[in-house]
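>>> following is a predicted model, sequence given first.
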Amino acid sequence: MTTPAAQSSEPAAPSPEPAEQAPEPAERAAEPAEQAPRPRPRRRLTAEARRSSILAAARRAFTESGDMSGTTIKVIAEHSGISEGVIYRHFESKEQLFFEAVVEPLKEAVDDLVAATASVDRDEPLTPELQLKTMTGLYRQLISTLEEILPLLGLVLFGDPQVSRRFYQENFAVAMDRLAEAWREVEDRYGFPFESPDISARAVMGIAFVLALESHHGTGFDRHRAVSLISEGTVKGFFPALEPTRRRR
């Protein structure tokens, strides 16, 4: 029989510690969460870039409404994603905004065409081939620009008579006169008296305007063919010299 004294004197093995419990939801909420990366600050537009952005939005707004009077500064601001106050920092009125929305593309196109005309024979004398190539490029650019602003051009040219007269005299006629002067300077360099560059410039602008209408509204219109034919006709003459003896009876 074993007595208590005879029992082992070694201490009993310690009982295992209870597993650490996961923190309660409240405790988890107290732990700092990882911060999401901060979005990069938006780059501020320059005054010139902001102005161009507003003009682009104005063109969309005026084109959608088809009416200058019915298009408010508020609508244009919504198209731009900015406040009305920002627009008024760059433009005094809706009328100024409308004018410049139409004028800016036309002026930029004419600036490019005048510069191209002035330097057309900078590297080599002006040959008939180069003259035809230059005229083709001129028609392409004019037609593209006029088609871009066609809806607004219609509003400003055929709307309020006072607005139409002002726009034509201060902008449209000036654009054609600048082209005429550039062409006259080229002709002067070759001793060729260009008697009516103003009429020639208006004829070219009128042709480009009609082809822009055709391109915008026509069906099956071949712009490439039209530009090629009209450029050759402008340079060489639209009608051949007729000989009376070849008349068919």
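Okay, I see it. Owing to the predicted nature of the structure, the values given are computational and were not obtained by experimental measurement.
>>> next SSE downstream of the helix or strand of the chain with the lowest mean pLDDT?
Least confident element among the helices and strands of the chain, by mean pLDDT, DSSP states H and E: helix 25-30 (a mean of 50). As assigned by DSSP states H and E, the chain's next helix or strand after helix 25-30 is helix 47-65.
>>> contacts only, for the spatially most central residue of the chain.
Note on the chain: the residue nearest the mean C-alpha position is Ala56, at 6.5 Å, using Cα atoms, centre = their mean. By Cβ atoms under 8 Å, 6 or more residues apart in numbering, no residues touch Ala56. In short, each C-beta sits where N, CA and C put it, glycine included.
>>> how many residues are close by Thr117?
A count of neighbours around Thr117, defined by other Cβ atoms under 10 Å, yields 19.
>>> swap in Asp111?
12.
>>> same question for the one 4 residues further on.
Using other Cβ under 10 Å, Ala115 has 11 other residues around it.
>>> from Gly206, how far out is it?
Using Cβ to Cβ, to the nearest Å, we find Ala115 at a distance of 23 Å from Gly206.
>>> any stretches of the protein with poor pLDDT?
Residue ranges of the chain with pLDDT under 70: 1-43, 249.
>>> give the buried residues for stretch 162-180.
In terms of neighbour count (16 or more other Cβ atoms under 10 Å), stretch 162-180 has its buried residues at 163, 167, 171-172, 175-176, 178-180.
>>> try stretch 112-125
113-114, 117, 120-121.
>>> between those, which sits nearest Glu185?
Nearest to Glu185, judged by Cβ to Cβ, of the buried residues of stretch 112-125 is Thr117 at 8.0 Å.
>>> helix or strand: which one has that closest one?
helix 94-118.
>>> angle of that helix against helix 47-65?
110 degrees (axes from the mean of the first three to the mean of the last three Cα atoms, to 10 degrees).
>>> list the contacts of helix 94-118.
52, 54-55, 58-59, 62, 68, 71-73, 76, 87, 91, 134, 137-138, 141-142, 145-146, 148-149, 152-153, 156, 163, 167, 171-172, 175, 178-179, 182-183, 185-186.
>>> which of those count as buried?
54-55, 58-59, 62, 68, 71, 73, 76, 87, 91, 134, 137-138, 141-142, 145-146, 148-149, 152-153, 156, 163, 167, 171-172, 175, 178-179, 182-183, 186.
>>> which ones among the residues you listed lie within helices?
54-55, 58-59, 62, 73, 76, 87, 134, 137-138, 141-142, 145-146, 148, 152-153, 156, 163, 167, 175, 178-179, 182-183, 186 (DSSP state H).
>>> distance of the residue nearest to the centre of the chain from Glu147?
16 Å.
>>> circling back: from Thr245, how far off is the residue nearest to the centre of the chain?
Counting by Cβ to Cβ, the gap from Ala56 to Thr245 is 60 Å.
>>> what number of residues lie near Ile199?
Counted with other Cβ under 10 Å, Ile199 comes out at 11.
>>> contact partners for it?
For Ile199, the contact set (Cβ under 8 Å, 6+ apart) is empty.
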